[in-house]
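[1] coords below, sequence missing:
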């Protein structure tokens, strides 16, 4: 099989201020399926088109933000290989026991130079509500709310982007479809371990460990418009869009969950291959790179994070 | 980088009966860019969103059909590795010198058990009209005709599907998102070497080496509708659609070039990962698998090939 | 106000063989709102975007088909004017008392030369679930099922089309955006009393009083695709589509309710004005006129009616 | 025929600062067809889906803005009837001779209380490039640029809205689908003489005779997205969107021609009937009424006019 090592973003664990509000938002508005609430209070959800047990984990806390972002690897052997490469690179690796999350095998966790915790795991149960695999329909139940199909990617804010890039490309085998280079250094990098235009992205930011947004994949531009209708109908705080990103070409809306974590609904985006050149953006054009129609950043883009 | 070995379908060489008609069809109706006509009469084209010099090669001949389908590999070392694996598997490999096609490095070619010629190559010049990579616009010129974005995949008809599957999975590292299993054997397999739902597919057929269709990728369902408008406006022979495939979930139209080669415009399709289960279709449901809305095959599906 | 006389199709009363199945179909699949079941067993429904109490009335009977199609007029004075014009034309008019349908004023009914009963009325209560009119949202609840926005038009089959056309244009003030003229007479006429491309249409047919289809309006081509997804998911019998009509340019699917009445979901269609020329279709091109992508009629088009 | 009197917006005459730039904008970007340049320098254009000779007239001048907005009436008798009603109402009517515009019959013109010139005419030649009417295709040539289908409506800024409303409803037979009522009077009115959600609209403004925008109709939300792509590709000044209006529900982008006249591309919008209640918006919600997704006005909405 030709995609080796990491497969895709598999889990995001988010901190939310009020769990009931968060469930309403992620389940009824974004349209995720509720999976379970566990004894420690964490709530598990998944998108209707995901095969595995859960992808979004909510943890009630005093401050919003991201606990960790986890990639699913192609087997335990691959996880063990990454453990060795990460430790050889000089980064400490922490073990998380199987079962720390329901239906989930053992994970490894580590902190990258931007201050974020990244995890890698290989095993998670298939969901009881996974897409059918025997004479399947395209869905069993009509998608609800914004009709999110899957957890897609996240954009993280923190320092030390050159080190982050080096780590992701040299240790985790990502490549770089797009970057923003300013005279005094890299402002932002979009990285993928697959054919998606990005699986994770980073923007340079003095404070470590911050979340800019977590993105959910929609079918197309019409579902982006529909999501905007849903946002207004339910008074969901919108940041910007419907618009397009010049970077990735994805069509998008940025908005906020009730705790202030920025969400994105995203569709399209080109198919990325590692033999394609990296697209480079200058400071003069980064506005168009981020918001293709507005052609300038809004104030919130560089300042509002959790 | 995490996609190792083969990257994607890179070239299809088609036989056409009348070159002028074929150019009008592929350039003005499907919307490919004309690249060059070479001394041997072959005509080279590419889709506007492809980076490399060409992807579609037309050769005038007395009968329509496919000469070969070529995969681009991630470097010459990967090509050499595949050469060894293929020969070790007992399949003869033929060398094609660099420059046999303009701007294209050396290729290896071999015949698979279904009677089709497959090629692998690593090097091709970037196109002068490739997508921009420095502060890029999403396109330089507005897409024309059916607005094809890229060569996407092909469906081939021939015998010995179990051997074909074994070769593609064991030697070329493909995996199998979907298959149709009849009581007397496999009717069809969809295979991918990427996150696309399929890069190549096969249907069991007594005659070797046949082409069912070559597919071009469109942006979305609206461009599928637009392509249907174009087909009627220019009296292009249509087979079936707009419809959806249950298999891959892609939205689609089948139609014919002036030589009788079936084309497809295709969009959507899920993102495939190798840890996702293979979807299995029975003979009772294969009609819905192929044509999700019609829920039955049309006569042409199993009989009209070139 | 510039649209005088008749405003639009307001009510269709359909005969269905099994009321429970019919309710599931029209409410849960097409997405109409259930309004009431009355003592005589008739069931009333409306589309979410309609202002008045009901638009679709279902009556359980031994045979499927249409009882009548009713146009809403701009006031009782207009109804009285039509009564006089119809009687002066030599057609008998029957009175239907206010309250024969709940929330509905008095109606007049008459039989046209094709054997169909047409009604005209001016008064119906506004629905409690009508679109909001004070700081409205575009909808109160997200549309369900196929997301039908309104009753749009019907296509009726019967004899004496020249007389039907004369009656609708001279007495009811319709105009003719499109017609199909065969050497031996008119095959079909599309008529409108508004800026819609058609409010009612007729096809020549020996048997009087038949229903070809009743159409519901969807937002756009994406909702047409979504409706096709719903049809397959719930095994709804499909006739043809997604496709486009050359006539009206509407995008469409034909399908059947559980009693065999043909339904259509329809979107688009040009804006019709009476100073625009009538489009004329010959027998050689009528296939493309009806089904723009298929460019030929299917067997069912001219033969399957209720 | 049931739409009596006025049919639709037929002509807008705009002032532009540089004719060459204006032609490039309206022809190549918005996608209108160039019709002619006349001796007085005025340039005539039409949308591909319009039947009559021209709909947009450009006049080079020292200041941008609108010269007049003209409605096409259903025959000279209707024009004569309006002349009498307008004069009886106390408004002076000016005659414009047939031929003042090529291919156009005589017009009447008058100034409404907001300071705008409105014209009415009945006769204009059919265009040589009108939509086909004998076995028509949906278009002869694939639409270009933003693919504008027709001149749709305009929004005008000026004083005396109560008088404007009275004149349009009592003399010209418009009705009012939507209005914004502030404590100190009406801020804005949307009026239609057809089933379109608006044919003309007004916002209260101290300076008379100003143009807020002229709108062109697109097929759907996908073409709105495409138009946004075109705007960025050619560096067209964008005001706001893609977004939706709460008022009319239309999907929209506001942008500017090279002279600073605001344009709109618009699609959707409900079907308006005069028996539907007028939607009323309060000052607290007008932001959502104008820009449904942003839920607030931008600075330019109330201040930037030509």
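    Arrived safely, thanks for sending. Everything numeric here is computed off the predicted structure, so don't read it as measured data.

[2] Now the residue of the stretch 1-150 of chain A found nearest chain C: phi and psi?
    Going by CB to the nearest CB, chain C is nearest to residue A:137 of the stretch 1-150 of chain A, at 5.3 Å. Every C-beta, even on glycine, is put in place using the N, C-alpha and C of the backbone. Residue A:137 adopts backbone torsions of phi -90, psi 160, taken as degrees, to the nearest 10.

[3] neighbours of it, just the number please.
    15 (other CB atoms under 10 Å in any protein chain shown).

[4] any idea how far it is from chain D?
    26 Å (CB to the nearest CB, to the nearest Å).

[5] where exactly do the helices run in the stretch 101-250 of chain A?
    A:161-170, A:221-233 (DSSP state H, counting those that start in this stretch).

[6] Make CSV from those helices and add distance to chain B, mean pLDDT and mean neighbour count to it.
    Shown next, in CSV, are these (distance: least, CB to the nearest CB, whole Å; pLDDT from 0 to 100; neighbours: other CB atoms under 10 Å in any protein chain shown):
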stretch, distance to chain B, mean pLDDT, mean neighbour count
helix A:161-170, 8, 97, 17
helix A:221-233, 7, 98, 23
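
[7] so which of those helices gets nearest chain D?
    helix A:221-233 (4.7 Å).

[8] can you give me the strands in the stretch 201-306 of chain A?
    A:210-217, A:238-244, A:251-256, A:262-267, A:279-281 (DSSP state E, counting those that start in this stretch).

[9] any chance of these in JSON lines, plus mean neighbour count and distance to chain C?
    Compiled in JSON lines, those are given as follows (neighbours: other CB atoms under 10 Å in any protein chain shown; distance: least, CB to the nearest CB, whole Å):
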{"stretch": "strand A:210-217", "mean neighbour count": "24", "distance to chain C": "17"}
{"stretch": "strand A:238-244", "mean neighbour count": "22", "distance to chain C": "14"}
{"stretch": "strand A:251-256", "mean neighbour count": "24", "distance to chain C": "13"}
{"stretch": "strand A:262-267", "mean neighbour count": "25", "distance to chain C": "12"}
{"stretch": "strand A:279-281", "mean neighbour count": "21", "distance to chain C": "29"}
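
[10] Out of those strands, which gets nearest to residue A:174?
    Evaluated with CB to CB, these place strand A:279-281 nearest to residue A:174, the distance being 15.4 Å.

[11] next one: the closest one to chain centre, how far?
    22 Å (CA atoms, centre = their mean, to the nearest Å).

[12] cool, stretch A:54-68 as well?
    Stretch A:54-68 sits 13 Å away from the centroid of its parent chain (CA atoms, centre = their mean).

[13] check which helix or strand covers residue A:79.
    For residue A:79, the host element (DSSP states H and E) is helix A:76-89.

[14] show me the contacts for the nearest residue to residue A:243 once chain neighbours are set aside.
    Closest residue in space to residue A:243, ignoring its immediate chain neighbours: residue A:293 at 4.7 Å, by CB to CB, 6 or more residues apart in numbering or on different chains. With contacts taken as CB atoms under 8 Å, 6 or more residues apart in numbering or on different chains, residue A:293 has the following neighbours: A:243-244, D:228, D:231-232, D:238, D:241-242.

[15] Distance check, residue A:293 against chain B.
    For residue A:293, the distance to chain B - CB to the nearest CB - is 11 Å.

[16] Phi first, then psi, for that residue.
    Dihedral angles of residue A:293 (phi, psi; degrees, to the nearest 10) stand at phi -90, psi -40.

[17] So it versus residue C:248, what's the distance?
    Noted for residue A:293: a distance of 33 Å to residue C:248, by CB to CB, to the nearest Å.

[18] before we move on, what about residue A:135?
    According to CB to CB, residue A:135 stands 37 Å off from residue C:248.

[19] and what of residue A:218?
    To residue C:248, residue A:218 is 31 Å away according to CB to CB.

[20] Please name whichever of the strands of the stretch 201-306 of chain A is nearest to residue A:113.
    Residue A:113 lies closest to strand A:210-217 among the strands of the stretch 201-306 of chain A, at 13.7 Å (CB to CB).

[21] quick one, that closest one and helix A:221-233 angle?
    120 degrees (axes from the mean of the first three to the mean of the last three CA atoms, to 10 degrees).

[22] Tell me the gap between stretch A:205-225 and the middle of its chain.
    7 Å.

[23] So it, near chain D or not?
    Yes: using CB under 8 Å from any CB of the partner chain, we find that stretch A:205-225 touches chain D at A:221-222, A:225.

[24] any idea which of these is the one closest to chain C?
    Compare each of the residues of stretch A:205-225 next to chain D with chain C using CB to the nearest CB and the shortest gap goes to residue A:222, at 3.9 Å.

[25] Does the closest one touch residue D:224 like I think?
    No: if you go by CB atoms under 8 Å, residue A:222 and residue D:224 don't touch, sitting 10.7 Å apart.

[26] do the helix holding residue A:79 and chain B meet?
    No: judged by CB under 8 Å from any CB, helix A:76-89 stays clear of chain B, getting no closer than 9.9 Å.

[27] What mean pLDDT does that helix get?
    Mean pLDDT, helix A:76-89: 97.

[28] again, but for stretch A:241-256
    Across stretch A:241-256, the average pLDDT comes to 98.

[29] Return the member of the residues of stretch A:205-225 next to chain D nearest to residue B:39.
    Ranked by distance to residue B:39 (CB to CB), the residues of stretch A:205-225 next to chain D are led by residue A:221 at 44.3 Å.

[30] Quick one: residues contacting that closest one.
    By CB under 8 Å, 6+ apart, the neighbours of residue A:221 are A:242, A:251, A:267-268, B:220, B:222, D:221-222, D:225.

[31] Residue A:240 now?
    A:253-254, A:291, A:294, A:298, A:300-301.

[32] Intersect those with the contacts of chain D.
    residue A:294.

[33] And the contacts of residue A:240, which is closest to residue C:103?
    Residue C:103 has its nearest neighbour among these in residue A:253, at 40.3 Å by CB to CB.

[34] from what I can see the closest one touches residue A:228, true?
    Yes: contact status for residue A:253 versus residue A:228: in contact at 5.8 Å, counting by CB under 8 Å.

[35] So residue A:255 versus residue C:277, what's the distance?
    Between residue A:255 and residue C:277 the computed distance is 48 Å (CB to CB).

[36] That'll do, ta.
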